[in-house]
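S.K.: Let me see the structure of the following:
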Amino acid sequence: MTLFHRFSLRGRALVACLVLLGIALYWSIPRKADLRTFDPAKMAVLETAMWRDYYEKRYVDLFFNLYLSSRGEFGFSPLDSMKIAFAAANAARTFQPTRSRDEADAALPSLVSYYRLMARAAPVSFDVDQAAKLELDWWQARREEVTPETYGRTIAATSALLYGKSDDLMVQSGVERAQAMAFRDQHRNDMTAADWSAIELRLFKAYSKLRRSVKPAP
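M.R.: As a prediction, the model looks like this:
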């Protein structure tokens, strides 16, 4: 082998190493994520898809859509987005077969992990354990015939922790998300494409209110 070919192989190896390093840096370098910068329309599309994934037990698709929301809507790094998606999907999968509040507590560690990661993009520091407990509380409340107006306020209370504020728009957003969930529960056995479109529209309105509530000052 000539000297030229030896240098050629070394050069290729160097290029390969640089490419791998670039990929590693792209995936792992922290981004300036912000929970306030989401697009309501995109969030509505993603959340509608995630609901369908959950109820149809398509956990891989659920993970993927959770990744897209963390990466595309909040600006987390690819690596952090994967961690967030895994924690949230695992919490949902753990919770789904439970039948009591005691059993549902099994999902709490994953929810704590989820909120600990989300806290990196919150505008204020918040109690991660409390946020996880509130999230699990409204998940369970849906199964106990609590009105959407009631558990919708728990959703709003969770948002208030994340964003460090509360106002009428945030409360309305929480209640409207809960009403969208109640609509799905009422049609659980005969959901149509039109029903899912109606849910997406309801979620768009709810996230539009939340966006107006938390929008950063210019």
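S.K.: hey, let's count contacts and neighbours off CA atoms from now on
M.R.: OK.
S.K.: element containing the residue minimising distance to the centre of the chain?
M.R.: Geometric centre of the chain, nearest residue: residue 66, 5.2 Å, by Cα atoms, centre = their mean. Secondary structure from DSSP states H and E places residue 66 in helix 59-68.
S.K.: which other helices and strands contact that helix?
M.R.: The contact analysis (3 or more Cα pairs under 8 Å, 6 or more residues apart in numbering; DSSP states H and E) places helix 59-68 against helix 40-55, helix 78-95.
S.K.: Enumerate the positions of it that are buried.
M.R.: By 16 or more other Cα atoms under 10 Å, the buried positions in helix 59-68 come out as 59, 61, 62, 63, 64, 65, 66, 67, 68.
S.K.: Mind telling me the two of the residues you listed farthest from one another?
M.R.: Within the buried residues of helix 59-68, 59 and 68 form the most distant pair, 14.2 Å apart (Cα to Cα).
S.K.: which among the buried residues of helix 59-68 gets closest to residue 105?
M.R.: residue 59 (19.9 Å).
S.K.: Does the closest one touch residue 93 like I think?
M.R.: Yes: counting by Cα atoms under 8 Å, residue 59 does reach residue 93; the two are 7.5 Å apart.
S.K.: isn't residue 87 right up against residue 113?
M.R.: Yes: the pair residue 87 / residue 113 is scored as a contact, 6.2 Å apart, by Cα under 8 Å.
S.K.: Who has more neighbours out of these two?
M.R.: Set side by side, residue 87 and residue 113 show more neighbours around residue 87, with 23 against 20, by other Cα atoms under 10 Å.
S.K.: that older thread, looking at the buried residues of helix 59-68, which one is closest to residue 182?
M.R.: Among the buried residues of helix 59-68, and counting by Cα to Cα, the member closest to residue 182 is residue 62, at 20.3 Å.
S.K.: Output the helices and strands packed on helix 59-68 as a markdown table; include the columns mean pLDDT and distance to residue 169.
M.R.: Formatted as a markdown table, those follow (pLDDT from 0 to 100; distance: least, Cα to Cα, whole Å):
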| stretch | mean pLDDT | distance to residue 169 |
| --- | --- | --- |
| helix 40-55 | 97 | 14 |
| helix 78-95 | 96 | 25 |
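S.K.: looking at these, which is closest to residue 216?
M.R.: helix 40-55 (14.7 Å).
S.K.: and the closest one, how far from the chain's centre?
M.R.: Taking the mean of its C-alpha atoms, helix 40-55 sits 10 Å from the chain's own mean (Cα atoms, centre = their mean, to the nearest Å).
S.K.: Return the list of helices and strands in contact with that helix.
M.R.: helix 59-68, helix 193-214.
S.K.: what does the first one rub up against?
M.R.: When contacts are defined by Cα atoms under 8 Å, 6 or more residues apart in numbering, helix 59-68 is touched by residues 46, 49-50, 53-54, 81-82, 84-86, 88-89, 93.
S.K.: Can you say which of those are buried?
M.R.: Here, 16+ other Cα under 10 Å leaves 46, 49-50, 53-54, 81-82, 84-86, 88-89, 93 buried among those.
S.K.: What average pLDDT does stretch 181-200 get?
M.R.: Regarding stretch 181-200, the rounded mean pLDDT is 95.
S.K.: In CSV, could you pull the C-alpha coordinates for it?
M.R.: Taking C-alpha atoms only, stretch 181-200 is exported to CSV below (Å, rounded to 0.1, in the frame of the first residue of the first chain):
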residue,chain,number,x,y,z
MET,A,181,-61.6,14.2,26.9
ALA,A,182,-65.2,13.8,28.1
PHE,A,183,-66.4,14.0,24.4
ARG,A,184,-64.1,11.1,23.6
ASP,A,185,-65.3,9.1,26.6
GLN,A,186,-68.9,9.6,25.6
HIS,A,187,-68.1,8.2,22.1
ARG,A,188,-65.5,5.6,23.1
ASN,A,189,-67.3,2.7,21.4
ASP,A,190,-68.1,4.4,18.1
MET,A,191,-65.4,7.1,17.4
THR,A,192,-65.4,8.3,13.8
ALA,A,193,-62.9,10.3,11.8
ALA,A,194,-65.3,13.3,12.2
ASP,A,195,-65.3,12.8,16.0
TRP,A,196,-61.5,12.9,16.1
SER,A,197,-61.5,16.0,14.0
ALA,A,198,-64.0,17.6,16.4
ILE,A,199,-61.6,16.7,19.3
GLU,A,200,-58.6,18.3,17.4
